[in-house]
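Student: Everything below, folded, please.
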Amino acid sequence: MADFNFSNQSQSSDSNSMNQTTAHMSNLAPFSMNLTQAASVKLDRDNFLLWKNVIMPIVRGHGLEGYLLGNKACPPQFINSQIIPEIETTMEMIPNPEYSR
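Tutor: The predicted structure is shown next:
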């Protein structure tokens, strides 16, 4: 009976890990899916205004306009995290959650 409980815990942690990965990927998927579906107009020398009118609402809807216009700087990919044990201080680089948004 103890093996059964251990097995359930292992499956549960695997399931939680899989759900987190799926949730992270689903956060990324809508932008690429919306962009390819809505932006069927390919930019060329003759259709800039049409292309811009299709693309800009998508860019604004995803909050990316500031990055394109230079009003917002891209956040750093990694940030310093100070881990301060009792004896020594070390600096560790960790992923910046703002970078992956």
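
Student: residues contacting Ser81?
Tutor: Going by CB atoms under 8 Å, 6 or more residues apart in numbering, Ser81 touches 91-94. In this view, the C-beta of every residue, glycine as well, is placed from N, C-alpha and C.

Student: Who is it paired with across the strands?
Tutor: Judged by DSSP bridges, the bridge partners of Ser81 are Glu92.

Student: so how far is Leu64 from it?
Tutor: 27 Å (CB to CB, to the nearest Å).

Student: Also Asp46?
Tutor: Note on Asp46: its distance to Leu64, by CB to CB, is 26 Å.

Student: which one of the two has more residues nearby?
Tutor: Taking other CB atoms under 10 Å, Asp46 and Leu64 do not tie; Leu64 has more neighbours (13 against 8).

Student: Tell me, how many residues neighbour Ile58?
Tutor: Neighbours of Ile58 under the rule other CB under 10 Å: 15.

Student: Give me the distance between it and Leu68.
Tutor: 11 Å.

Student: likewise Cys74?
Tutor: Here Cys74 is placed at a distance of 11 Å from Leu68 (CB to CB).

Student: So for the two, which residue has more residues nearby?
Tutor: Neighbours were counted for Cys74 and for Leu68 using other CB under 10 Å; Leu68 has more, 12 against 8.

Student: In this structure the more buried one contacts His62, no?
Tutor: No. With contacts defined as CB atoms under 8 Å, Leu68 does not count as touching His62, sitting 10.9 Å away.

Student: quick one: low-confidence parts of the protein?
Tutor: Within the chain, the set of residues satisfying pLDDT under 70 comprises 1-39, 82-90, 101.

Student: sec struct for Asn71, please.
Tutor: Three-state call for Asn71 (DSSP: H, G, I helix; E, B strand; the rest coil): coil.

Student: Once you drop chain neighbours, what's closest to Lys42?
Tutor: Trp51 (7.6 Å; CB to CB, 6 or more residues apart in numbering).

Student: No more questions from me, cheers.
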